[in-house]
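Peer 1: Show me how the following folds:
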Amino acid sequence: MQIVIHTRHADLADDFSEIVKEKINSLGRFSVEIERIEVEVLKEGNPSQGKESHHVIITTHGAGPFFRSEAKSFNDLAAFDDAVSSIELQIRKVHEKSKSKDRDSLRFKKGEVVN
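Peer 2: Numbers count the residues shown, from 1 in each chain. All right, here's what the predicted structure looks like:
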């Protein structure tokens, strides 16, 4: 999976790219095809936007479904955490839908009556 980080008017924390790679790679546990993830970090220059001065947009590209998530917060890491949790929920929903629903339970088999 390719991870691309774009910034606009923002100075990122030193360990931001490492944290991004860790959290994005953890999304690989779901069986959803994602070839590339773009993380865009924007900083609002207006001082009155202090609580929402950092805006993070995460977009996925690939053979699977398209996912997009946005979050605003007071710093880049907090906004990224909110955006990742949102996109993880979207990916988890697609993963759950793709699971086979006709599996037999370990406890009961189809057609078996429990007394």
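
Peer 1: Let me know how buried the nearest residue to Ile57 once chain neighbours are set aside is, in neighbour terms.
Peer 2: Sequence neighbours aside, Glu40 is the residue nearest to Ile57 in space, at 4.4 Å (criterion: C-beta to C-beta, 6 or more residues apart in numbering). Where C-beta positions appear, they are placed from N, C-alpha and C, glycine not excepted. Using other C-beta atoms under 10 Å, Glu40 has 17 other residues around it.

Peer 1: From Leu12, how far off is Glu40?
Peer 2: 12 Å (C-beta to C-beta, to the nearest Å).

Peer 1: overlap in contacts of those two?
Peer 2: Ile5 (C-beta atoms under 8 Å, 6 or more residues apart in numbering).

Peer 1: excluding its backbone neighbours, what's nearest Gly50?
Peer 2: In space, Gly50 comes closest to Phe74 once its chain neighbours are excluded; the distance is 6.8 Å by C-beta to C-beta, 6+ apart.

Peer 1: what secondary structure does the nearest residue to Ser17 once chain neighbours are set aside sit in?
Peer 2: Leaving out its chain neighbours, the residue that sits closest to Ser17 by C-beta to C-beta, 6+ apart is Ile5, at 6.1 Å. Per DSSP: H, G, I helix; E, B strand; the rest coil, the secondary structure class of Ile5 is strand.
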